[in-house]
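*Asks:* Sequence and predicted structure below; questions after.
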Amino acid sequence: MNLEAEKVAEGIEKAHMRNASILKYNDENSLRCVIRLAYFSAVNDYIIFDELPGGNGYADLVFLPRQTSEKPLLIIELKWKNDAEGAIEQIKSRHYMDRLEDYSGTMLLVGVNYHKGDEEKKHTCVIEEWEK
């Protein structure tokens, strides 16, 4: 499976710049809404959950494949002024996968971070494949 985290980060960054209000840009909820918008067509293949309880916390976004889809399950953790690798570690350490005990197959753990630098707004992404 081709996990192009840099391209994903670039796409999310463009969607965030184009669609988020300047007044609420620096906000995790704004980033969540932009990701849902960017993946609007995903509703054909996924049931999408916000803040899904699992393990010891809440996964920011979960894209659960519909029975007719062969797409992988996505668990997405969002961070602001942190790092995307830390988001992946949070998914694992808080056992977000436990809520999905009836699911078997490929899962993609996706960490997305947004950092507002002095000159630019930078998004980073890490994607890790997980088999259950």
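*Replies:* Structure's in. What do you need?
*Asks:* Mean confidence (pLDDT) on stretch 63-80, please.
*Replies:* Averaged over stretch 63-80, pLDDT sits at 91.
*Asks:* okay, it in PDB with CA atoms only?
*Replies:* The C-alpha trace of stretch 63-80 is given here as PDB (Å, rounded to 0.1, in the frame of the first residue of the first chain):
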ATOM      1  CA  PHE A  63     -13.400   6.300   8.800                       C
ATOM      2  CA  LEU A  64     -15.000   2.900   9.100                       C
ATOM      3  CA  PRO A  65     -15.300   1.100   5.700                       C
ATOM      4  CA  ARG A  66     -18.800   0.200   4.600                       C
ATOM      5  CA  GLN A  67     -19.400  -3.500   4.100                       C
ATOM      6  CA  THR A  68     -19.300  -2.900   0.300                       C
ATOM      7  CA  SER A  69     -15.900  -1.200   0.400                       C
ATOM      8  CA  GLU A  70     -12.400  -2.700   0.300                       C
ATOM      9  CA  LYS A  71     -10.800   0.400   1.700                       C
ATOM     10  CA  PRO A  72      -8.800   0.300   4.900                       C
ATOM     11  CA  LEU A  73     -10.100   1.600   8.200                       C
ATOM     12  CA  LEU A  74      -8.600   5.000   9.100                       C
ATOM     13  CA  ILE A  75      -8.000   6.300  12.700                       C
ATOM     14  CA  ILE A  76      -7.000   9.900  12.500                       C
ATOM     15  CA  GLU A  77      -5.500  11.900  15.400                       C
ATOM     16  CA  LEU A  78      -5.100  15.600  15.100                       C
ATOM     17  CA  LYS A  79      -2.500  17.700  16.800                       C
ATOM     18  CA  TRP A  80      -1.800  21.400  16.900                       C
END
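*Asks:* How about it, which residues are buried there?
*Replies:* Across stretch 63-80, burial judged by 16 or more other Cβ atoms under 10 Å covers 63-65, 71, 73-79. In short, each C-beta sits where N, CA and C put it, glycine included.
*Asks:* Show me what counts as buried in the helix or strand residue 90 falls within.
*Replies:* In the assignment (DSSP states H and E), residue 90 maps to helix 84-93. Using 16+ other Cβ under 10 Å as the test for burial, helix 84-93 gives 84, 87-88, 90-91.
*Asks:* now the angle from the following helix or strand past it to helix 84-93?
*Replies:* Reading on from helix 84-93 to the C-terminus, the next helix or strand found by DSSP H and E is strand 106-116. Angle, strand 106-116 to helix 84-93, by axes from the mean of the first three to the mean of the last three Cα atoms, to 10 degrees: 140 degrees.
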